[in-house]
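Undergrad: Task: produce atomic coordinates for the following.
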Amino acid sequence: MITLEMMPPLMFGGLILAMLIGFPVAFTLAALGLSFGFLSIYLGFFDMNFLQAIPGRIFGGVVSNELLLAIPFFTFMGSILERCGLAEDMLDSMGQLFGPVRGGLGYSVIIVGFILGAITGTVAAQVIAMALISMPVMMRYGYNIRYITGVLAASGTITQLVPPSLVLIVMADQLGKSVGDMYLGAWGPSILQIALFASYTFMLGLIKPDHVPPVPRDALTLRGWPLWKKCLMGIIPSAVLIFVVLGTMMMGLATPTEAGAMGAIGAIVLAAIHHKDLSSKGHKMLLIGIAATGVAVIVGMLLGEGKVLKLTFAVVYLAVVWLCLEAVRIPDLRGLIKQGYESTMRLSTMVVFILIGSTCFSVVFLGVSGGVWLEHHLTSIPGGVWGFLIFINLFIFFLAFFLDFFEIAFIILPMVAPIAQKILAPVVGPDAALIWFGVMLCVNMQTSFLHPPFGFALFYLRGVAPKEVKSSDIYWGALPWIGLQAIMVAIVVAFPSVVTVFLDKPLDVDLSKVRIEVPQIELPPLDFGQPKQ
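TA: So this is what the prediction gives:
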């Protein structure tokens, strides 16, 4: 006879078994949830009315969730930017800028990976684009092949952590925290991770200089101002787009969905101005739009809102619309926008189906006291807070061998988030506990794209690498960078301030001493006399 205490481990074991067999995750979750739900009704653990919570959660928490609307916008933005040629120009200019330095091509890959991560948010295209462009150049100048494959794969996975990462949006939604706070928490680890990668390249240049040789100066095609101009032409538009997306969100001027919509339009504009077939009228409208933006900023600071400010913004909108129409006019960009729509539709559909399946599973899992069972086991781990964090990180690390980050976020996070809030709140406070926890798991889940033999970044690299690059070189090359990411996880666990440094500090207010004083208003005396005839 199956008892109530046996149901949670049976559901969890069934989930792991079905995933190892290879069934699609969304349908596996829904099938397991409904199967165990009907079994629980048959065994009398709850009645049929309990399952009414499933459609209620789907329509109330998934379909009507406005935060999830940001996912298709950011996906479309990344899809456009990864194919518009921006990566090629940035890698070429950065490679020539840092090339004469020992390890310079490695530094350029790391920096461009960071910048692209902040404007694209997709791992696959970033790894492929950088490998196609940089790998032949690095091989030509004698870089160690294992360093080449490792730095390309690792720099592509940075996009998982750098805002506006899709992983952080999903984390914020599942943990019930604001996207802005999650982004602020991720900046510290993002910058620190770039520093770790660059430090490893620097140390390798000291210990084994033949692995990362400098590029001969006579091989450079650009020098002086032309080189700096090409670098700035890639960095400045990217920085503007990053501000439009992240700056407006963190300043409270736009919601994540609104910022994503502006990012999608900005990506089309960026692709248009970057294309060689942009017309002369398009260039003139670009200059007019830039001038109108500058005027709008000055007018807004000096005069505030008014007709002049509205007029300048109208000119900016006109320039943006014109450049979008220019993108539609150019055949290459028109095809690019169509591809962006298709990839966005596929990813958005996958996310919605996984959410529906995970809702079916989680409702039934909680209905058979799965939350109590999970909390009992996680809170009884030796070592208290640190034992819990070590176990969770090891569990996520090994789970990432088989599951994508979307699946981990939608399946595991809703189960462990309440327990994490309870355990971690004494360490960093109740407001920052889940931010710390979410960013920590995000750093951890980067390894899911890197660790052999299942890392998707390694598969992408294998698909575009020349035949003389062995698969063993790709796998061995990834190991030092996995070690660096493990060090990053340890730093985030040991020093929570890396995450919380940019967050708003909670107000220390003694509620017992709060006084609300209402001023007395002198009212004229009321006249209760007889009404006049």
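
Undergrad: Every contact and neighbour count from this point should use C-alpha atoms.
TA: OK.

Undergrad: Show the contacting residues for Pro496.
TA: Applying C-alpha atoms under 8 Å, 6 or more residues apart in numbering to Pro496 gives the contacts 428, 436.

Undergrad: Let's see that with 10 Å instead.
TA: By C-alpha atoms under 10 Å, 6 or more residues apart in numbering, the contact set of Pro496 is 185, 427-428, 432-433, 435-437, 440.

Undergrad: Could you do Thr344 as well?
TA: Counting by C-alpha under 10 Å, 6+ apart, Thr344 touches 71-79, 338, 350.

Undergrad: can you rerun that using 7 Å?
TA: If a contact means C-alpha atoms under 7 Å, 6 or more residues apart in numbering, then Thr344 has 72, 75-76 as its contacts.

Undergrad: Same check on Leu278?
TA: Applying C-alpha under 7 Å, 6+ apart to Leu278 gives the contacts 272, 326.

Undergrad: Adding pLDDT and neighbour count as columns, could you present the contacts of Pro496 in CSV?
TA: Output for the contacts of Pro496, formatted as CSV (pLDDT from 0 to 100; neighbours: other C-alpha atoms under 10 Å):
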residue, pLDDT, neighbour count
Gly185, 87, 27
Val427, 84, 11
Val428, 82, 15
Ala432, 84, 25
Ala433, 86, 21
Ile435, 90, 30
Trp436, 89, 24
Phe437, 89, 21
Met440, 88, 25
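
Undergrad: between these, which is nearest Ile235?
TA: Distance to Ile235 across these (C-alpha to C-alpha) is lowest for Gly185, with 23.9 Å.

Undergrad: Just the buried positions in the helix or strand encompassing the closest one, please.
TA: Using DSSP states H and E, Gly185 sits within helix 179-207. The neighbour-count check on helix 179-207 (16 or more other C-alpha atoms under 10 Å) flags 179-190, 193-194, 196-198, 201-202, 204-205 as buried.

Undergrad: coming back round to it: out of the contacts of Pro496, which sit inside helices?
TA: Counting by DSSP state H, these place 185, 427-428, 433, 435-437, 440 in helices.

Undergrad: Kindly provide the distance from the residue nearest to the spatial centre of the chain to Phe405.
TA: By C-alpha atoms, centre = their mean, the mean C-alpha position of the chain lies nearest to Ser165, the distance being 1.4 Å. Plainly put, Ser165 is 12 Å away from Phe405 if you go by C-alpha to C-alpha, to the nearest Å.

Undergrad: could you pull out the helices for the stretch 251-400 of the chain?
TA: Here the stretch 251-400 of the chain has its helices, by DSSP state H, counting those that start in this stretch, at 256-274, 280-302, 307-329, 331-367, 370-379, 384-399.

Undergrad: list the helices and strands the second one packs on?
TA: Translated: helix 280-302. Under the contact criterion of 3 or more C-alpha pairs under 7 Å, 6 or more residues apart in numbering; DSSP states H and E, helix 280-302 touches helix 307-329.

Undergrad: What is the helix it packs on packed up against?
TA: helix 256-274, helix 280-302, helix 331-367.

Undergrad: per-residue confidence averaged over it?
TA: Regarding helix 307-329, the rounded mean pLDDT is 85.

Undergrad: Ok, stretch 234-250 next?
TA: Averaged across stretch 234-250, pLDDT comes to 77.

Undergrad: how long is it end to end?
TA: Terminal-residue distance, stretch 234-250 (C-alpha to C-alpha): 24 Å.

Undergrad: which other residues reach it?
TA: Residues from elsewhere that reach stretch 234-250, judged by C-alpha under 7 Å, 6+ apart: 86, 89-90, 118-119, 180, 254-256, 259-260, 262-263, 266.

Undergrad: what's the angle from the helix holding Gly185 to helix 256-274?
TA: Interaxial angle, helix 179-207 versus helix 256-274 (axes from the mean of the first three to the mean of the last three C-alpha atoms, to 10 degrees): 50 degrees.

Undergrad: Could you name the helices and strands sitting against helix 179-207?
TA: Helix 179-207 sits against helix 166-175, helix 433-445, helix 497-500, with contacts defined as 3+ C-alpha pairs under 7 Å, 6+ apart.

Undergrad: Next, the angle from the helix or strand that that helix is followed by to helix 256-274.
TA: Tracing the chain past helix 179-207, the next element assigned as helix or strand by DSSP H and E is helix 224-242. Computed by the same axes, to 10 degrees, the angle separating helix 224-242 from helix 256-274 equals 150 degrees.

Undergrad: in the stretch 401-533 of the chain, which spans are helices?
TA: Secondary structure of the stretch 401-533 of the chain (DSSP H, counting those that start in this stretch): helices at 405-411, 413-428, 433-445, 456-464, 471-494, 497-500.

Undergrad: Most tightly packed of those helices?
TA: Stretch with highest mean neighbour count among the helices of the stretch 401-533 of the chain: helix 433-445 (a mean of 25; mean count of other C-alpha atoms under 10 Å).

Undergrad: residues making contact with it?
TA: Contacts of helix 433-445 (C-alpha under 7 Å, 6+ apart): 161, 171, 175, 182, 185-186, 393, 397, 400, 405, 421, 424-425, 489, 492, 496, 499.

Undergrad: Now do that helix: distance to the chain's middle.
TA: Centroid displacement of helix 433-445 relative to its chain, using C-alpha atoms, centre = their mean, to the nearest Å, is 12 Å.

Undergrad: Then stretch 146-164?
TA: Taking C-alpha atoms, centre = their mean, the mean C-alpha location of stretch 146-164 is offset from the chain mean by 13 Å.

Undergrad: ok, back up a step: show me the contacts of Thr344 that map onto helices.
TA: Using DSSP H, 72, 75-76 are the members of the contacts of Thr344 that sit in helices.

Undergrad: can you redo the residues you listed as JSON lines with neighbour count and distance to Ile288?
TA: Below are the ones in helices among the contacts of Thr344 laid out as JSON lines (neighbours: other C-alpha atoms under 10 Å; distance: C-alpha to C-alpha, whole Å):
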{"residue": "Pro72", "neighbour count": "25", "distance to Ile288": "30"}
{"residue": "Thr75", "neighbour count": "25", "distance to Ile288": "29"}
{"residue": "Phe76", "neighbour count": "28", "distance to Ile288": "27"}
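
Undergrad: Among those residues, show me the least confident.
TA: Thr75 (80).

Undergrad: Redo the ones in helices among the contacts of Thr344 as JSON lines? Include distance to Gln485.
TA: Formatted as JSON lines, the ones in helices among the contacts of Thr344 follow (distance: C-alpha to C-alpha, whole Å):
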{"residue": "Pro72", "distance to Gln485": "28"}
{"residue": "Thr75", "distance to Gln485": "25"}
{"residue": "Phe76", "distance to Gln485": "28"}
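
Undergrad: elements contacting the lowest-mean-pLDDT helix or strand in the chain?
TA: Taking mean pLDDT, DSSP states H and E as the measure, the helix or strand of the chain with the lowest value is helix 86-98, at a mean of 71. In terms of contacts (3+ C-alpha pairs under 7 Å, 6+ apart), helix 86-98 is packed against helix 104-119, helix 224-242.
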